[in-house]
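*Asks:* A structural model of the following input is requested.
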Amino acid sequence: MALALFAAPALAAAGTFQVPQGCTAYATAQLRNCQVSQHYRCPAEAPGDQWAVYMDSEGPHYISRIDSETRWIDSIDLETGERDRIATEADPASFSTLLATGRDDFDFTTRSDSGEVRRYVGHDRLTGASLAIDGVALERTEFDLTAYDGAGEMVWHRWGRQFIQRDWRIFYADTEEFENAFGDRDSVISTPVTFALPGETGFLSEDPEFDCDQMMARVQP
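*Replies:* Numbering: from 1, shown residues only. Coordinates of the predicted model:
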């Protein structure tokens, strides 16, 4: 789709996300770690493609586009302006395989506008556990993912738990561990807490609601 979709989203009203023209939003998710995400589809694109815009207390910071198999198609970091597109795929991600067999392995590369290459190798596995968050049915997964640079050196390693929403064909974060090439480690919790669907209170809200006090405390001198 046109690059206009990668522009920082405009405000239709105070604190309300404006869906790009011609597209339709289907859910807003309030997440832990002071995040809110907007999810929408655009009929002019390939069937099954969808977008997500992630926002924190300062506004939109990341946009991603995936296809019906949850393959990484396109993304942009709105803080740095760096854009990454799918490049090569030795083993494409397959949501269908995950649902059918309980596990999906993947191995693919992306290339940024600056020419930086990243290789991503990992897997997702259904645990068999399911739950509902705010009335939305989710299934728990475990994942392991390693990123390598163009020379084959590890950049970072992530592992932990996520959720899938089967009908929406999407992943949501839960809890994960992160380790960089220097051995520095961190834990992140970004679990969805509430969902708002069209017509519900909070739909298209740009204001994150959970853990924002803790985030502010971290940056205090």
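*Asks:* which phi and psi values does Leu197 adopt?
*Replies:* Main-chain torsions, Leu197, degrees, to the nearest 10: phi -100, psi 170.
*Asks:* same thing with the one 5 residues further on?
*Replies:* Gly202 adopts backbone torsions of phi 100, psi -10, taken as degrees, to the nearest 10.
*Asks:* for Phe95, same thing?
*Replies:* phi -60, psi -40.
*Asks:* contacting residues around it?
*Replies:* By C-beta atoms under 8 Å, 6 or more residues apart in numbering, the contact set of Phe95 is 68-70, 104, 164, 169. From N, CA and C alone the C-beta is placed, and that goes for glycine too.
*Asks:* kindly reformat the residues you listed as TSV containing pLDDT and secondary structure.
*Replies:* What follows is those, written out as TSV (pLDDT from 0 to 100; DSSP: H, G, I helix; E, B strand; the rest coil):
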residue	pLDDT	secondary structure
Ser68	98	coil
Glu69	99	coil
Thr70	98	coil
Asp104	99	strand
Ile164	99	strand
Arg169	98	coil
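*Asks:* most neighbours of all the residues you listed, which one?
*Replies:* When neighbours are counted by other C-beta atoms under 10 Å, Asp104 leads these with 24 neighbours.
*Asks:* which residue sits closest to that one, ignoring its sequence neighbours?
*Replies:* Closest residue in space to Asp104, ignoring its immediate chain neighbours: Leu98 at 4.0 Å, by C-beta to C-beta, 6 or more residues apart in numbering.
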